[in-house]
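Undergrad: Build me a model:
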Amino acid sequence: MIYHNEITKLLNTKKIKKTAMRILVLQFFLEQNSAISLPQLEHKFYYSERTTLYRTLKTFETKALVHKINDGTGVTKYALCESNCKIEKHTDIHPHFYCEKCKITTCINYVSLPKIQLKNFKVFTTEIIIKGICEVCNKVA
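TA: Residues are numbered from 1 along each chain as shown. A predicted model of the protein is given here:
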């Protein structure tokens, strides 16, 4: 397995029990440069039950291994968290870019979002989706 040591370390660090499906799904995440949806996982792991894949994603999210992305398409996507993400609170607060040509959503990790405080409001999360044409599609156009 290409990422065996990294996968084992990530699962151990996040206190996630190692199962064959979790190892395979995590390896798939590590091989991607963009966010992944449940339908994409179902396509990749067509031999697995949807429930198993969904539970794997939920476990990864609960343990702060992946974060959920709502890019406005109506399909929830997931991407690996930054290493400092904690179970109590996801700390990877960054914008996401949705390419309107190739339909790929990407984390923009090198841009941090400011902590937004609103008077008399309790803010839980901040999400910014940037839409346009990605670097790859822009070169083709």
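
Undergrad: Name the residues of stretch 106-123 that are buried.
TA: Under the neighbour-count criterion of 16 or more other Cβ atoms under 10 Å, stretch 106-123 has Thr106, Cys107 buried. C-betas here are computed from N, CA, C, even on glycine.

Undergrad: End to end on it, go ahead and measure it.
TA: Start-to-end span of stretch 106-123 (Cα to Cα, to the nearest Å) is 24 Å.

Undergrad: Can you name the residues in contact with that stretch?
TA: Residues outside stretch 106-123 that contact it (Cβ atoms under 8 Å, 6 or more residues apart in numbering) are 33-35, 69, 79, 82, 92-97, 99, 126, 128, 130, 134.

Undergrad: Tell me where the protein has strands.
TA: For the chain, applying DSSP state E gives strands covering 36-37, 66-69, 77-80, 96-99, 105-107, 129-132.

Undergrad: out of these, which comes closest to Tyr47?
TA: strand 36-37 (17.4 Å; Cβ to Cβ).

Undergrad: neighbouring strands for that closest one, and are they parallel or not?
TA: Under the criterion DSSP bridges, strand 36-37 sits next to strand 77-80 (antiparallel) in its sheet.

Undergrad: could I have the strand it pairs with exported to CSV, CA atoms only?
TA: Output of strand 77-80 as CSV, limited to C-alpha atoms (Å, rounded to 0.1, in the frame of the first residue of the first chain):
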residue,chain,number,x,y,z
LYS,A,77,-18.1,17.1,-0.3
TYR,A,78,-15.4,16.1,2.1
ALA,A,79,-11.7,16.9,2.2
LEU,A,80,-8.8,15.9,4.6
